[in-house]
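Q: sequence unknown, structure follows:
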């Protein structure tokens with residue numbers, strides 16, 4: 001049996017239920033430095049060091065977790081948050097695609113769309129400013145998931161504002177019945193990433 005390498009945290013928001021598989025960091029180890037959790041380190045290596053081989057490690061853990069959720073048989077899709085920063089490989093999209101493949105769920109990239117470019121929110125600490133930036137940022141392309149359950153996926157939960165804005169659009173414009181949220185990690189403090 002493999003060692004459990006995560007500690008799930010419930011995410012509160014306008015969705016039905018949300019989970020972060022673990023915290024991103026566990027403690028400060030010096031000025032501006034943090035000790036990352038196992039999943040936090042994997043995600044950091046993927047996003048900022050380009051170590052894409054680690055995507056399978058994160059995917060494996062997320063698949064194991066999702067297979068324990070009662071809602072899995074009712075989910076109709078995994079919807080990744082559209083990235084705000086261009087990268088050669090988008091970790092959120094790559095992980096979502098691999099989750100979909102393992103769980104036999106579609107991952108439509110043409111459903112939840114950005115209406116406007118938004119700057120990365122990791123350096124914006126003012127909650128009102130984050131909400132303003134995300135105001136009217138998303139749209140859905142059609143009603144294909146009206147009345148259905150979907151899993152909204154992102155890599156890191158910081159303030160939850162991005163996920164809240166996306167959930168609002170999914171519920172109001174897309175008429176999704178229930179939104180469930182999964183992130184790989186959750187930050188402890190606003191200054192973490």
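A: Perfect, thanks for sending it. Model, not experiment: these values are computed from the prediction. Numbering: from 1, shown residues only.

Q: count the neighbours of residue 169 for me.
A: Residue 169 is flanked by 20 other residues according to other C-beta atoms under 10 Å. Where you see a C-beta, it was placed from the backbone N, CA and C, and this is true even at glycine.

Q: and the particular helix or strand that has it in it, which residues are buried?
A: Residue 169 belongs to helix 161-172 when assigned by DSSP states H and E. By neighbour count on 16 or more other C-beta atoms under 10 Å, the buried set for helix 161-172 is 161, 162, 163, 164, 165, 166, 167, 168, 169, 170, 171.

Q: in this protein, what helix or strand scores lowest on average pLDDT?
A: None of the helices or strands of the chain scores lower by mean pLDDT, DSSP states H and E than helix 127-134, at a mean of 62.

Q: for the helix or strand just after it, buried residues please.
A: Using DSSP H and E, the helix or strand that directly follows helix 127-134 along the chain is strand 138-140. Neighbour-count burial for strand 138-140, with 16+ other C-beta under 10 Å as criterion, is recorded at 138, 140.

Q: return the member of the buried residues of helix 161-172 nearest to residue 64.
A: Residue 64 has its nearest neighbour among the buried residues of helix 161-172 in residue 163, at 22.1 Å by C-beta to C-beta.
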